[in-house]
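> Sequence unavailable; structure follows:
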């Protein structure tokens, strides 16, 4: 079976079916097989090398059954779709009707086009597309360029066809942009598949379309001549566009912001381009866009993902635009303002790039379906090349504690994960956004080896989050005795829907009257994600024997996570649990929070990974977790946590099942 996979001459789309047949084949088995297949021609061996890297990348992604099901449901029909489009392209390239030659002087010849009935396209005919922007491709060395080309080919093999826009910078000449397009196309054409094609003169500029007040303005850029782009896609090829557009009145090609081109492409392929092409170009408006859907927007930038905070060596792993856009943009703008003008050379600055990336992703994702997502990473990571390449002997001489850690910045004997392949298969970041930084990095490292060490940032339009009481002016603080407390019966909260969410998540129903009585005077607040798809109820608990006054004056109120719930239909999807957890630990209780869970709870592994400490509660069925830094079992703080967790009584209607 492996030999058939290695030497198959099927079209790249056929890999989807072959991928499903891999079963439990290990990465080691594949690597040994592909490396040891004798008697192959150089071309066949190159195909085998491509297959080996492809399958190893897929297996390294470690997709769960839920991830694999979601991927197959969306992309399994891509092979059939690409074949249909290629067949249509071949048929359309044949002469339809021989043009009639005019016999009268000055009488135009007439070409008769056959009238065909337009049938509604089926979902299975959709092409799944990615918009890819590569910033400063001229800085990629040959190894990185080849790696990026291979990854683009692998994405196509997995059913995601890319439209690539090369951004050579505002000072680059048109000649440079075209040369870089040819360079990347040549690299892609080395790998199995239809290859790539440089597509020019497809974009136009019209200042009448430049409406800054529009949330997804493309600054006058629009797809003026889509035919070449669409025919390239129908052939299964990757269109590569320079960041150039044509001014229709002068036919002059000028350098154009790549960000505007991404928005223009998103608008066109979403059917939202309303440009007056009949007035501008002397032509009737074009046909409807190619039946397709843009699944991903990918930005390859040597600065890496969006920095977590000013000067941070970490990047955001996941950004929920609905909740985080304003805050992240403000951080980046303040970081830019803190720099002296002399530190910004030729208008280039890391923060300027980050701001551009964040804004263009907000604008494109606002146009695309809710299921679309975006990824920012480095060309180095997309090429799946580690920053540090050392021999085994060199590695043995280096202390692990002194090495930077990241997607592309760890010294190891195997390749790091490819963020693009992993995200396509799982629709998740490589590392969960709710994991503490110390879980994924060596804490002794003060700064990365270089910006390329930053991890990728996954960006989604996301889910709105409501936090009550509001945290816009700061996190929750212990309640002063005598002040008004929030309640679950307040008008801000839809109590029946919250109760249903808890019942669906836990598979058990609350004794609502008992529960409301228990938390009546100690509710800290509530976090609600989406349309009651996820929620957390948090309380202020007191150690045994303390009054409210004593707990407040001694600063011994315990921040406690009482209920953490996600609808079953949203579990493992869209990062809902991460969104709620991050809101709790970053916005509401940044200083730390504790909770308890039954020792046999299958979710405990998830809790262990996200906590800073844990211990088993003596003579009970509970395990305690906390996110508070710098506290240990046996200390005064953890003893207060123990007291609070011991005294809380469950409030379920089916108490007999657990007591």
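Ah, there it is. Only a predicted model underlies this, so the values are computations on that prediction, with no experimental measurement involved.
> where do the strands sit along the stretch 201-350 of the chain?
With DSSP state E, counting those that start in this stretch, the ranges of strands along the stretch 201-350 of the chain come out as 203-205, 221-223, 238-242, 244-247, 252-255, 292-300, 318-320.
> Ok, the stretch 551-659 of the chain next?
558-566, 594-598, 613-616, 622-626.
> could those go into TSV alongside distance to residue 305, mean pLDDT and mean neighbour count?
Glycine gets a C-beta too; all of them are placed from N, C-alpha and C. Converted to TSV, the strands of the stretch 551-659 of the chain look like this (distance: least, CB to CB, whole Å; pLDDT from 0 to 100; neighbours: other CB atoms under 10 Å):
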stretch	distance to residue 305	mean pLDDT	mean neighbour count
strand 558-566	25	98	23
strand 594-598	30	97	22
strand 613-616	28	95	16
strand 622-626	28	96	21
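> Format these as a markdown table; extra columns: distance to residue 647.
Converted to a markdown table, the strands of the stretch 551-659 of the chain look like this (distance: least, CB to CB, whole Å):
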| stretch | distance to residue 647 |
| --- | --- |
| strand 558-566 | 10 |
| strand 594-598 | 11 |
| strand 613-616 | 17 |
| strand 622-626 | 12 |
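> Where in this structure is the helix or strand with the lowest mean pLDDT?
Within the chain, no helix or strand scores below helix 2-7, which has a mean of 37 by mean pLDDT, DSSP states H and E.
> Please look at residue 566 and residue 576 and confirm they touch.
Yes - using CB atoms under 8 Å, residue 566 makes contact with residue 576 at a distance of 5.1 Å.
> residues shared between the contacts of these two?
533, 534 (CB atoms under 8 Å, 6 or more residues apart in numbering).
> and the next element down the chain from the helix or strand hosting residue 513?
In this assignment (DSSP states H and E), residue 513 forms part of helix 512-519. Moving toward the C-terminus from helix 512-519, the next helix or strand (DSSP H and E) is strand 523-529.
> Strand 558-566 and that next one, what's the angle between them?
Interaxial angle of strand 523-529 relative to strand 558-566 (axes from the mean of the first three to the mean of the last three CA atoms, to 10 degrees): 30 degrees.
> which element follows strand 523-529 toward the C-terminus?
Following strand 523-529 in sequence, per DSSP H and E, is strand 534-541.
> and the angle from that next one to strand 594-598?
Using the same axes, to 10 degrees: strand 534-541 against strand 594-598 is 110 degrees.
> got the angle for strand 534-541 vs helix 512-519?
Using the same axes, to 10 degrees, strand 534-541 lies at 50 degrees relative to helix 512-519.
> Now do strand 534-541: which elements does it pack against?
helix 495-506, strand 523-529, strand 558-566, helix 576-582 (3 or more CB pairs under 8 Å, 6 or more residues apart in numbering; DSSP states H and E).
> Check which residues of the longest one are buried.
By that I understand helix 495-506. For helix 495-506, burial by neighbour count (16 or more other CB atoms under 10 Å) applies to 498, 499, 500, 501, 502, 504, 505.
> which ones are touching the fifth one?
Neighbouring residues of residue 502 by CB under 8 Å, 6+ apart: 510, 535, 563, 565.
> rerun at 7 Å
510, 563, 565 (CB atoms under 7 Å, 6 or more residues apart in numbering).
> need these in JSON lines with distance to residue 274, can you?
Shown next, in JSON lines, are the contacts of residue 502 (distance: CB to CB, whole Å):
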{"residue": "510", "distance to residue 274": "51"}
{"residue": "563", "distance to residue 274": "47"}
{"residue": "565", "distance to residue 274": "43"}
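> out of those residues, who's nearest residue 476?
For the contacts of residue 502, the minimum distance to residue 476 (CB to CB) is 16.0 Å, reached by residue 563.
> Now do the closest one against residue 219, distance only.
47 Å (CB to CB, to the nearest Å).
> same question, residue 607
47 Å.
> and what of residue 329?
18 Å.
> From what I see, residue 309 and residue 330 are in contact.
No - contact between residue 309 and residue 330 fails when scored by CB atoms under 7 Å: they sit 11.1 Å apart.
> so what's the nearest residue to residue 373 once chain neighbours are set aside bridging to?
Of all residues not flanking residue 373 in the chain, residue 460 sits nearest, at 4.8 Å (CB to CB, 6 or more residues apart in numbering). Judged by DSSP bridges, the bridge partners of residue 460 are residue 320, residue 373.
> begin at 10 from here
With the count now opening at 10, the last piece we talked about shows up as residue 469.
> wait, what's in contact with residue 469?
So residue 469 contacts 329, 330, 382 (CB under 7 Å, 6+ apart).
> what would these look like in a markdown table with distance to residue 255?
Below are the contacts of residue 469 laid out as a markdown table (distance: CB to CB, whole Å):
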| residue | distance to residue 255 |
| --- | --- |
| 329 | 38 |
| 330 | 32 |
| 382 | 31 |
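> State the number of residues packed around the closest residue to residue 374 other than its chain neighbours.
Nearest in space to residue 374, with sequence neighbours left out and distances taken as CB to CB, 6+ apart, is residue 470 at 4.6 Å. When counting by other CB atoms under 10 Å, one arrives at 21 neighbours for residue 470.
> which residues of the stretch 410-559 of the chain score low on pLDDT?
Within the stretch 410-559 of the chain, the segments meeting pLDDT under 70 span 410-425, 450-463.
> what about residue 481, how many residues close to it?
8.
> Any chance of the backbone angles for it?
The phi/psi pair for residue 481 (degrees, to the nearest 10) reads phi -60, psi -20.
> Quick check: beta-bridge partners of residue 532?
Beta-bridge partners, per DSSP bridges, of residue 532: residue 548.
> Now for it, how many residues are close by?
By the criterion of other CB under 10 Å, residue 532 has 22 neighbours.
> That one contacts residue 493, correct?
No - applying CB under 7 Å as the test, residue 532 and residue 493 come out as separate, 11.3 Å apart.
> on contacts alone, who are the packing partners of the helix holding residue 522?
On a contact count with 3 or more CB pairs under 7 Å, 6 or more residues apart in numbering; DSSP states H and E, helix 521-528 meets no helix or strand.
> What are the contacting residues of it?
497, 508, 548, 571, 660.
> Just the endpoints, please. Distance across stretch 168-186?
28 Å (CA to CA, to the nearest Å).
> now do stretch 575-582
Stretch 575-582 end-to-end distance (CA to CA) = 10 Å.
> Okay, buried residues for that stretch please.
So, applying 16+ other CB under 10 Å, buried residues of stretch 575-582: 575, 576, 579, 580, 581, 582.
> neighbouring contacts of it?
75, 510, 513, 514, 542, 543, 585, 586.
> Pipe those into JSON lines and attach distance to residue 377 per row.
Below are the contacts of stretch 575-582 laid out as JSON lines (distance: CB to CB, whole Å):
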{"residue": "75", "distance to residue 377": "23"}
{"residue": "510", "distance to residue 377": "28"}
{"residue": "513", "distance to residue 377": "29"}
{"residue": "514", "distance to residue 377": "29"}
{"residue": "542", "distance to residue 377": "20"}
{"residue": "543", "distance to residue 377": "23"}
{"residue": "585", "distance to residue 377": "20"}
{"residue": "586", "distance to residue 377": "24"}
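> Report the two of these separated the most.
That would be 75 and 510, which, of those, are the farthest apart (CB to CB) at 20.0 Å.
> and the gap between residue 635 and residue 600?
11 Å.
> Same question for residue 242.
From residue 242 to residue 600 the distance is 52 Å (CB to CB).
> Pick out whichever of those two has more residues nearby.
residue 242 (25 against 13).
> tell me the contacts of the more buried one?
136, 170, 248, 299.
> can I get those in TSV with distance to residue 191 and neighbour count?
Below are those laid out as TSV (distance: CB to CB, whole Å; neighbours: other CB atoms under 10 Å):
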residue	distance to residue 191	neighbour count
136	24	23
170	20	26
248	13	25
299	24	19
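> So which residues of the stretch 110-259 of the chain form helices?
151-166, 183-197, 236-243 (DSSP state H, counting those that start in this stretch).
> Residue 370 is nearest to which of the ones you listed?
Using CB to CB, the nearest of the helices of the stretch 110-259 of the chain to residue 370 is helix 151-166, at 18.3 Å.
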